[in-house]
Structures are given as structure tokens and as C-alpha cells.
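A.B. asks: I'll drop the sequence and a predicted model, then ask my questions.
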Amino acid sequence: MSNNEIIVHCKDLGKKFGDYWAVSGLDLTIRKGEIYGFLGPNGCGKSTTIRMLTGLLTPTTGKVEIMGKDVAQHGEALKSNLGYMTQKFSLYGTLTVLENLEFVAQIYGLANKDAKVRIQELLDEYQLEDKKDVLADSLSGGQKQRLALAAAVIHKPYLLFLDEPTSAVDPENRRAFWEQLFLLSAQGTTILVSTHYMDEAERCHRLAILEQGVKRADDSPSSLMENLKVHVCEISGEEVSVLKKPLFDIPNVISVSQIGPRLRVLVNKHEANPIDLLKNTVGEAFDVDFTRPNLEDVFVTSTGRGYAELA
Ligand SMILES: Nc1ncnc2c1ncn2[C@@H]1O[C@H](COP(=O)(O)OP(=O)(O)OP(=O)(O)O)[C@@H](O)[C@H]1O
């Protein structure tokens, strides 16, 4: 995966629209070959950040360096090193798969001979060979997404930006898509991907959690889970839902959520004996135990009320 070469660096990056800071005080360091995720709710500033990193949007504060070069000054020269795939399918529905790839190859200035070789490579690698004469509009969601990724990497970019790339595909296609991303990462491509899916975030080498334009956490998913500021407990028994309110009223209980027949309860790490604390409230009829942290626990404790109570 990654070596130490820094591909993206920014300090105090911010963007103000009118009176509203969509992104503020953002520091980022992304290294070669890393798959770096931006996780956050709708409107938290993921797209705005990506647009500033690509040079499409001018920051209000701070600056972006890609491969050591200031994007504001070297944007044009850097463009040939960047690939960008947006949330919406942005290719031409009335062109065939092959015509779309030929068009994108032209935009990136690939010579005819090179373009032909590269397009054939991509048709094979992205399993689009038997669809090459089909109109893009007639492709399935997964095929459209493979075509969009093939187009985004046609010029073999060093750095690939993916803005919620799998919002329109099923879990199987999402898994296949991620296999492709790992392959690109192993070949040295640095990938920045925004998402609001936990399973997708968990696959990233490193993850930033954003809320209202501010970075709340930044580490590998495993370190984020290891360093939680809460005990993660689970309560099981008959009709656990009646326990939600009394549990939530306990000081030091940060969150209570029902998952099927169980309650997942996050208790501030300051509490020395969380199991006894919960048992005192729920009584003997219910089982209370520790359980493994997951990324959703990280999200809950890094945003909203959880973040405020643990700060
Ligand atoms: N051009 C703009 N003018 C004014 N406000 C904007 C503009 N672009 C974005 N915003 C606002 O900035 C905030 C962040 O938007 P952004 O699109 O970056 O969020 P996001 O995390 O990508 O959301 P989503 O997951 O819904 O795509 C939102 O409140 C949005 O309304």
C-alpha cells in the first residue's frame, strides 16, 4: 500500500458560501497508494472539499498542495495527474461504451494509437468488452459505474477522486468496485473517496469523519475503533425496547440504539464499571456484556451529541 510520499497536503482549508462555512480548518495529509475516505452525513462538506482539492473551487482559507505543488498555481499542469468520478453518471448516454471512452481519451489528449491500446485494456479489465457497442444509457447501474471508473482512469492518474461512487449500485457491485480500487491502490494510485456507507468506510486505509465542515476524527478504521472514548455494551432479553428511555437517562450513557433484539449502549470510558452500572438499571431479566466496537460507534461518538458529550 502506502509509502511515505505525500500526495495531498492541505492546512487550514476552508470554504465560505455567503455567511456559511461549508468547510473550515481542514488539515489533511494523504500518502501515495492510500485509499483515504471522507465519511459524513449529507451536507457535511465532502463534495466541497473534493472540489477544492481538485482545483475546481477556490478555497476561502488555506491552500492545497498536490505532489508538492500549489493547486492554485499549477492547476492546469496537475490536471493530467488527476482523475475524478462524481456521484452522478457524467458520461454520454447516447454514445456507446466505446465512443464514450474514445471521447474521454481525446479530452486527455491520448494519441490515437495509445488510446486504442488503453481502451482495449480498460474494456478487458472492467468487463465491458461485450458491451462496447451498447449505448451507455442502456447499461445497468453496475456497468455504468464500471464505465465511469474506466473513464476516470483512462490517463492513468496518480490521484483519483471518487465522490460517493457507489450510491447507485447494489452490495455485490459495490464489493466488485472496491476490488478494483484495491488493485489501483496496489499499483500506486492514491484514492480519495467520499461516502456515507459504513461498510465502504471500513475498507479505507485511512478515514476522516466530517461534520458541518469540520474534521472530527482522522486515522485508520482499526485505530479509530481501538481508541474509542466509550465502552461498547450490549443488552439482550425480552422486549429490550422498554429499556431505552431509562438507559438514556443514566449520566455517562452516550448512546442507546436497538439492533434487532438487542440494545447497543455506549458508556463513557470514565465509568469504571459499565456492566454493573447498566445491570443496576435493567435488572436481572436481561443479559449485559461488552461487545466489539464497530465504525458506527466511531461515527456516533465523533459527531452530534456523542461528540459534544465526550469532548
Ligand atoms: N455553491 C454553493 N453555494 C452555497 N452553498 C453551498 C454551495 N455548495 C455547497 N453548499 C453548501 O455547503 C454545505 C456542504 O455541501 P457539500 O455538497 O460539500 O456536502 P456533502 O457532504 O458533499 O453532501 P452530500 O453527501 O449531500 O453530497 C451544504 O450545506 C451545502 O448546501
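C.D. replies: Structure's in. What do you need?
A.B. asks: What's the end-to-end length of stretch 154-171?
C.D. replies: This stretch, stretch 154-171, spans 25 Å end to end (Cα to Cα, to the nearest Å).
A.B. asks: List the buried residues of stretch 245-253.
C.D. replies: Across stretch 245-253, burial judged by 16 or more other Cβ atoms under 10 Å covers 247, 250, 253. For glycine as for every other residue, the C-beta is placed from the backbone atoms N, C-alpha and C.
A.B. asks: Quick one: distance of it to the chain centre.
C.D. replies: Distance of stretch 245-253 from the chain centroid (Cα atoms, centre = their mean, to the nearest Å) equals 32 Å.
A.B. asks: Only C-alpha atoms, please: export that stretch in CSV.
C.D. replies: The C-alpha trace of stretch 245-253 is given here as CSV (Å, rounded to 0.1, in the frame of the first residue of the first chain):
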residue,chain,number,x,y,z
LYS,A,245,-35.5,5.7,28.0
PRO,A,246,-34.2,4.6,31.5
LEU,A,247,-30.8,3.7,30.0
PHE,A,248,-30.6,7.0,28.2
ASP,A,249,-31.3,8.9,31.4
ILE,A,250,-28.2,7.4,33.1
PRO,A,251,-25.4,10.0,33.2
ASN,A,252,-22.4,8.7,31.2
VAL,A,253,-24.6,6.8,28.8
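A.B. asks: Enumerate the residues of this structure near the ligand.
C.D. replies: 17, 22, 40, 42-48 (Cβ under 6 Å from any ligand atom).
A.B. asks: can you tell me which two in the residues you listed are farthest apart?
C.D. replies: Phe17 and Gly40 (17.1 Å; Cβ to Cβ).
A.B. asks: Pick out whichever of these two has more residues nearby.
C.D. replies: The residue with more neighbours, out of Phe17 and Gly40, is Gly40; 26 against 10, by other Cβ atoms under 10 Å.
A.B. asks: OK, contacts around that one?
C.D. replies: For Gly40, the contacting residues are 46, 194, 196, 209-211, 303, by Cβ atoms under 8 Å, 6 or more residues apart in numbering.
A.B. asks: one step back: just checking, which of the residues of the chain next to the ligand belong to helices?
C.D. replies: By the criterion of DSSP state H, membership of the residues of the chain next to the ligand in helices covers 46-48.
A.B. asks: just to revisit the earlier point, tell me which two of the contacts of Gly40 sit farthest apart.
C.D. replies: Ser194 and Thr303 (15.4 Å).
A.B. asks: that older thread, output the residues of the chain next to the ligand as JSON lines; include the columns pLDDT.
C.D. replies: Shown next, in JSON lines, are the residues of the chain next to the ligand (pLDDT from 0 to 100):
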{"residue": "Phe17", "pLDDT": "96"}
{"residue": "Ala22", "pLDDT": "97"}
{"residue": "Gly40", "pLDDT": "88"}
{"residue": "Asn42", "pLDDT": "85"}
{"residue": "Gly43", "pLDDT": "88"}
{"residue": "Cys44", "pLDDT": "91"}
{"residue": "Gly45", "pLDDT": "92"}
{"residue": "Lys46", "pLDDT": "90"}
{"residue": "Ser47", "pLDDT": "89"}
{"residue": "Thr48", "pLDDT": "94"}
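A.B. asks: Which of these sits closest to Lys279?
C.D. replies: Using Cβ to Cβ, Gly40 is the member of the residues of the chain next to the ligand that lies nearest Lys279, at 35.2 Å.
A.B. asks: Report the mean per-residue pLDDT for the top helix by length along the chain.
C.D. replies: Using DSSP H to define each element, the chain has its longest helix at helix 171-186. The pLDDT scores in helix 171-186 average 91.
A.B. asks: what's it packed up against?
C.D. replies: Helices and strands touching helix 171-186, by 3 or more Cβ pairs under 8 Å, 6 or more residues apart in numbering; DSSP states H and E, are strand 35-39, helix 141-152, strand 190-195, helix 198-202.
A.B. asks: And the longest one, what's buried?
C.D. replies: Of the residues in helix 141-152, those scored as buried under the neighbour-count criterion (16+ other Cβ under 10 Å) are 142-152.
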